[in-house]
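S.K.: no FASTA, just this:
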């Protein structure tokens with residue numbers, strides 16, 4: 001299924017396929033701002049139920065680098081294709097597991113179609129607006145190694161803009177350069193985020209200047225400039241508001257306009273939680289690993305929405321490499337391992 005985010009025709013076909021595969025279960029379709037989600041349960045689909053576990057997966061993917069990426073290839077124990085790792089393989093395991101589950105735990109499977117653009121109208125809506133709850137949440141997002149992602153950085157995306165008088169480039173003393181002035185603001189903001197290259201996990205807040213526009217001609221002093229920055233924050237910051245206040249003050253001093261494009265808080269799930277500890281111990285036993293699998297994630301996934309309403313939440317799935325790339329793949333053996341782990345986890349609850 002060519003389920004690029006926004007391709008509602010293909011997304012509906014894929015969700016209908018999943019629903020048909022699990023036709024013996026209760027289900028409900030949710031649509032928010034044009035984005036379709038599917039909820040499936042062995043109990044009932046009702047926000048009044050406190051489920052034992054909510055499993056999650058998203059079927060939307062980024063556009064392919066090559067058209068044939070939607071036709072999966074098996075080679076040397078790997079499945080190549082768009083979404084193989086991010087995250088159709090992990091979701092497929094959850095679907096298969098639910099089809100043959102005979103236990104008595106109340107499970108809700110949430111399948112969304114907007115994770116790649118933030119997840120607000122899928123997972124975010126289901127938790128914040130509809131009030132679904134559970135004792136534990138797991139999204140089957142894969143990684144390059146077996147990681148249980150218990151932390152993920154918060155996000156603050158901003159648009160900064162600067163307006164000046166403008167002038168012919170021969171008369172630089174008559175007007176300030178809007179691009180240069182905007183860079184002065186950015187340099188002050190950047191000082192809020194010193195790098196610590198001695199930290200092997202790079203668990204510190206970062207800022208990236210992703211896009212800049214300004215000027216109309218080489219022989220004109222730019223009278224307007226704008227830039228877009230992406231901040232990924234962690235401790236000591238917990239909310240984007242803390243950063244917004246600091247950056248607003250810098251912008252005020254430099255007469256720069258600031259607009260918040262997107263924000264989401266830092267996610268922290270307690271690794272001492274019973275469900276997280278159980279998942280970690282079973283994973284180590286099945287995978288024959290000595291070290292704990294806990295991992296701090298620099299990116300984001302939909303687990304943060306569950307965490308924001310007080311649900312212990314993690315991302316954990318099969319392994320592979322190169323998500324969003326032309327050679328994205330997942331290891332077939334890891335699908336079997338992931339299935340064993342989740343099946344054992346359900347039996348242990």
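M.R.: Done, it's in. Predicted model, so just to flag it, every value in this text is computed and none were measured.

S.K.: tell me the strands in the stretch 151-300 of the chain, going along the chain?
M.R.: With DSSP state E, counting those that start in this stretch, the ranges of strands along the stretch 151-300 of the chain come out as 154-163, 167-168, 206-214, 220-221, 224-233, 257-264, 267-268, 294-297.

S.K.: Make CSV from these and add distance to residue 72 and mean pLDDT to it.
M.R.: Glycine gets a C-beta too; all of them are placed from N, C-alpha and C. What follows is the strands of the stretch 151-300 of the chain, written out as CSV (distance: least, C-beta to C-beta, whole Å; pLDDT from 0 to 100):
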stretch, distance to residue 72, mean pLDDT
strand 154-163, 31, 97
strand 167-168, 58, 94
strand 206-214, 32, 96
strand 220-221, 52, 96
strand 224-233, 32, 97
strand 257-264, 32, 95
strand 267-268, 31, 95
strand 294-297, 26, 94
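
S.K.: Which one of these lies nearest to residue 5?
M.R.: Each of the strands of the stretch 151-300 of the chain was scored for nearness to residue 5 using C-beta to C-beta, and the closest is strand 257-264 (15.1 Å).

S.K.: Indicate each strand paired with that closest one and its parallel or antiparallel sense.
M.R.: When pairs are called by DSSP bridges, strand 257-264 turns out to pair with strand 154-163 (antiparallel).

S.K.: distance between the strand it pairs with and the chain's centre?
M.R.: 20 Å (C-alpha atoms, centre = their mean, to the nearest Å).

S.K.: Next: stretch 96-110.
M.R.: Relative to the centre of its chain, stretch 96-110 is centred 24 Å away, using C-alpha atoms, centre = their mean.

S.K.: Turn the strands of the stretch 151-300 of the chain into JSON lines, columns for mean neighbour count.
M.R.: JSON lines is the format used below for the strands of the stretch 151-300 of the chain (neighbours: other C-beta atoms under 10 Å):
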{"stretch": "strand 154-163", "mean neighbour count": "20"}
{"stretch": "strand 167-168", "mean neighbour count": "14"}
{"stretch": "strand 206-214", "mean neighbour count": "15"}
{"stretch": "strand 220-221", "mean neighbour count": "18"}
{"stretch": "strand 224-233", "mean neighbour count": "20"}
{"stretch": "strand 257-264", "mean neighbour count": "15"}
{"stretch": "strand 267-268", "mean neighbour count": "21"}
{"stretch": "strand 294-297", "mean neighbour count": "17"}
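
S.K.: looking at the ones you listed, which is closest to residue 104?
M.R.: Distance to residue 104, taken as C-beta to C-beta, is lowest for strand 294-297 among the strands of the stretch 151-300 of the chain, at 29.4 Å.

S.K.: Can you classify residue 141 as helix, strand or coil?
M.R.: For residue 141, the secondary structure call by DSSP: H, G, I helix; E, B strand; the rest coil comes out as coil.

S.K.: for it, what are its contacts?
M.R.: The contact partners of residue 141, taken as C-beta atoms under 8 Å, 6 or more residues apart in numbering, are 86-87, 90, 149, 301, 315-317.

S.K.: Equivalent analysis for residue 244, please.
M.R.: When the contact criterion is C-beta under 8 Å, 6+ apart, the partners of residue 244 are 156, 260, 263.

S.K.: If we use 6 Å, what do you get?
M.R.: Residues in contact with residue 244, defined by C-beta atoms under 6 Å, 6 or more residues apart in numbering, are absent; none qualify.

S.K.: Could you pick out the longest helix of the chain?
M.R.: helix 332-348 (DSSP state H).

S.K.: so which helix or strand takes in the residue nearest to the spatial centre of the chain?
M.R.: Centre of the chain computed as the mean C-alpha position; nearest residue by C-alpha atoms, centre = their mean is residue 301, 2.3 Å away. Applying DSSP states H and E as the criterion places residue 301 outside every helix and strand.

S.K.: now residue 31
M.R.: Under DSSP H and E, the secondary-structure element containing residue 31 is strand 26-32.

S.K.: Pairing partners for that strand, with directions?
M.R.: Taking DSSP bridges as the criterion, strand 26-32 pairs within the sheet with strand 35-41 (antiparallel).

S.K.: And the next helix or strand past the strand it pairs with?
M.R.: Later in the chain than strand 35-41, the nearest helix or strand by DSSP H and E is strand 50-51.

S.K.: Tell me which helix or strand comes right after that following strand.
M.R.: Moving toward the C-terminus from strand 50-51, the first helix or strand encountered (DSSP H and E) is strand 53-58.

S.K.: so after that following strand, what's the next helix or strand?
M.R.: strand 73-75.

S.K.: what pLDDT, on average, does the strand holding residue 31 get?
M.R.: Strand 26-32 comes out with an average pLDDT of 97.

S.K.: Give me the buried stretch members for that strand, please.
M.R.: For strand 26-32, burial by neighbour count (16 or more other C-beta atoms under 10 Å) applies to 27, 30, 32.

S.K.: Repeat that for stretch 276-294.
M.R.: Judged by neighbour count (16+ other C-beta under 10 Å), stretch 276-294 contains these buried residues: 276, 279-280, 282-284, 286, 293.
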